[in-house]
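1. Could you look at this predicted model? Sequence included:
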Amino acid sequence: MSILQFFSRKGSAPVARDRLQILLAHERAVGGQNDLVGVLREEILAVIAKHVPVEPDNVRVKMERGEAISTLEVEVDIPSQAKVRVALSA
Amino acid sequence: MAKVLVVTSGKGGVGKTTSTAALGAALAQTGQNVAVVDFDVGLRNLDLVMGAERRVVYDLINVTQGDAKLSQALIRDKRIDTLHLLPASQTRDKDALTEEGVAKVMEELRAKFDWVICDSPAGIERGAWLAMRHADVAVVVTNPEVSSVRDSDRIIGLLDSKTLKAERGERMDKHLLLTRYETGRAERGEMLKVDDVLEILSIPLLGIIPESEEVLRASNLGTPVTLSNPNSAPAKAYADAAKRLMGESVTMMVPQNKRSFFGMLFGRKAA
Ligand SMILES: Nc1ncnc2c1ncn2[C@@H]1O[C@H](COP(=O)(O)OP(=O)(O)O)[C@@H](O)[C@H]1O
Ligand SMILES: [Mg+2]
């Protein structure tokens, strides 16, 4: 084992600490019913469903929770027929 | 043909979740399509061990209750694209998981994957029962220690009576995975030996995973040990166990001193 390896191998605990801090900050917030990303996810889907028929199969939701920034990616396939209906009713 | 595998033990803290992640990753690395499913409702940890904790959107209960499609809840591993995780719910009540709901999800998983690996919660109650219910193959995780061996014996009894396979009158395929094994201590008589455990439980041996700091390091990093350090002793032992699950015969090594164990076990208890 090289010296470099030796030092880099000691480095796993800080990684664990960081991962836990981010995760627990989120989970504690959920305990207090403050899961902002989760709330956004539900409301965004509800808004879209109000205007177009949303097939659960055509929805992909991705989340990446970070310490400072979390990203929420909602991808919905909107059928072209539905697009016409939205235009008419708008 | 999909195989459903349950990783179970009765006792907690013996290495079920570690083994689910390591075996799942090892199988997926061979190109098999693998889903690992966390059945530990309320105490999920497989997401953390797999390093996917920040990406959980939906969970097993959402799928059983129809709030999400299976495809939406499955998290694809960032390192191996044939490896997928279905997380447990962290916030819901255990009773939210129903027998019918689990049956529906397992059927869908079977259609999609080559291997479905169910990480059982500890205990011998409902949660453990639901996790083993649909299994074709069981990996019984045991530490060389009296209470773990006793609990494994209980679990083996349940596997032979309470699973769908048993209820159909078929024989459950059971394998012993001896984990946290310390050869030195076993040889000094401080710990049960491989042979002692095999004799008591009398199910074929799938592998011997040594006690190793690499396992702790892997969980710190959120990477299954078979990926974090493939050349480490536990990673090799898990990779060999995965090969045996796929039907290959691989010589059994006792951790640390690389003495062949095969001759001794062959014809008697070899998996
Ligand atoms: N072979 C091993 N060597 C060292 N530590 C291990 C080993 N296997 C498991 N552990 C540790 O034991 C603890 C319990 O493991 P875990 O897989 O969560 O058990 P279970 O799912 O059965 O409760 C964890 O801290 C894990 O890192
Ligand atoms: Mg566990």
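-> Looks like it arrived, so ask away. Numbers count the residues shown, from 1 in each chain, chains lettered A, B, ... in the order given. Ligands and ions are numbered 1, 2, ... in the order given.

2. just the strands in the stretch 101-250 of chain B please.
-> Along the stretch 101-250 of chain B, the stretches classed as strands by DSSP state E, counting those that start in this stretch are B:115-119, B:137-142, B:173-181, B:205-210.

3. Rebuild those strands as CSV, extending it with mean neighbour count and mean pLDDT.
-> All C-beta spots, glycine's among them, are computed from the backbone N, C-alpha and C. Formatted as CSV, those follow (neighbours: other C-beta atoms under 10 Å in any protein chain shown; pLDDT from 0 to 100):
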stretch, mean neighbour count, mean pLDDT
strand B:115-119, 26, 98
strand B:137-142, 26, 98
strand B:173-181, 24, 97
strand B:205-210, 25, 97
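
4. Around ligand 1, pick out the residues from the stretch 101-250 of chain B.
-> B:Ala122, B:Thr179, B:Arg180, B:Ile209, B:Glu211, B:Ser212, B:Val215, B:Leu216, B:Ser219, B:Pro234 (C-beta under 6 Å from any ligand atom).

5. do the host helix or strand of A:Glu42 and chain B meet at all?
-> Secondary structure assignment for A:Glu42, by DSSP states H and E: helix A:36-51. Yes - residues of helix A:36-51 contacting chain B under C-beta under 8 Å from any C-beta of the partner chain: A:Arg41.

6. what's near enough to touch residue 15?
-> In the absence of a named chain, chain A is used. B:Asn220, B:Leu221, B:Gly222 (C-beta atoms under 8 Å, 6 or more residues apart in numbering or on different chains).

7. Chain B is the one I meant
-> Going by C-beta under 8 Å, 6+ apart, the list of residues near B:Gly15 reads B:Ser9, B:Val141, B:Asn143, B:Leu177, B:Thr179, B:Arg180, B:Ile209, B:Val215.

8. quick one on the thing from earlier: for the helix holding A:Glu42, name the packing helices and strands.
-> Secondary-structure packing of helix A:36-51 (3 or more C-beta pairs under 8 Å, 6 or more residues apart in numbering or on different chains; DSSP states H and E): strand A:59-64, strand A:71-76.

9. which of those strands sits most buried?
-> With neighbours defined as mean count of other C-beta atoms under 10 Å in any protein chain shown, these peak in mean count at strand A:59-64, which reaches a mean of 16.

10. Contacts for that strand next, please.
-> Under C-beta under 8 Å, 6+ apart, the answer for strand A:59-64 is A:37, A:41, A:45, A:70-77, B:54-58, B:72.

11. ok, back up a step: what's the closest of the contacts of A:Val15 to chain A?
-> B:Asn220 (3.6 Å; C-beta to the nearest C-beta).

12. Tell me where the stretch 101-250 of chain B has helices.
-> B:126-132, B:146-159, B:164-167, B:183-187, B:194-201, B:213-221, B:225-228, B:233-245 (DSSP state H, counting those that start in this stretch).

13. Please work out which of the ones you listed is packed deepest.
-> Of these, helix B:225-228 is the most buried (mean count of other C-beta under 10 Å), at a mean of 26.

14. mind showing which ranges of the chain have poor pLDDT?
-> This is for chain A. A:1-10, A:30-34, A:81-90 (pLDDT under 70).

15. oops, chain B please
-> B:256-271.

16. Please list the residues of it that sit near chain A.
-> So chain B meets chain A at B:48, B:51, B:53-58, B:68-69, B:71-72, B:90-91, B:216-217, B:219-222 (C-beta under 8 Å from any C-beta).

17. So what does B:Lys193 look like in phi/psi?
-> The phi/psi pair for B:Lys193 (degrees, to the nearest 10) reads phi -90, psi 160.

18. quick one: contacts for it?
-> B:Pro144, B:Ala186, B:Glu187.

19. And for B:Val105?
-> B:Leu60, B:Val63, B:Thr64, B:Leu70, B:Leu86.

20. Most neighbours among the residues you listed, which one is it?
-> Highest neighbour count within the contacts of B:Val105, by other C-beta atoms under 10 Å in any protein chain shown: B:Leu60, with 26 neighbours.

21. so it touches B:Leu86, yeah?
-> Yes - B:Leu60 is in contact with B:Leu86 according to C-beta atoms under 8 Å; the separation is 5.6 Å.

22. Can you check which residues contact both of the two?
-> B:Val37, B:Asp38, B:Ala73, B:Val105.

23. Phi first, then psi, for the closest residue to the third one other than its chain neighbours.
-> When you say that, I think you mean B:Ala73. Nearest residue to B:Ala73, sequence neighbours excluded (C-beta to C-beta, 6 or more residues apart in numbering or on different chains): B:Tyr58, at 3.9 Å. Main-chain torsions, B:Tyr58, degrees, to the nearest 10: phi -120, psi 170.

24. What separation do you get for B:Glu107 and B:Ala22?
-> In this view, B:Glu107 and B:Ala22 are 26 Å apart by C-beta to C-beta, to the nearest Å.

25. neighbour-wise, which of those two wins?
-> Under the criterion of other C-beta under 10 Å, the comparison of B:Glu107 against B:Ala22 puts B:Ala22 first, with 28 against 11.

26. Next, the angle helix B:213-221 makes with the helix or strand hosting the more buried one.
-> Assigned by DSSP H and E, B:Ala22 belongs to helix B:16-29. If you take axes from the mean of the first three to the mean of the last three C-alpha atoms, to 10 degrees, helix B:16-29 sits at 90 degrees to helix B:213-221.

27. For the residue of the stretch 51-200 of chain B found nearest ligand 1, give me its contacts.
-> Closest approach between the stretch 51-200 of chain B and ligand 1, counting by C-beta to the nearest ligand atom: B:Arg180, at 4.6 Å. Going by C-beta under 8 Å, 6+ apart, B:Arg180 touches B:Val14, B:Gly15, B:Asn143, B:Pro144, B:Ile209, B:Pro210, B:Glu211.

28. All set now, cheers.
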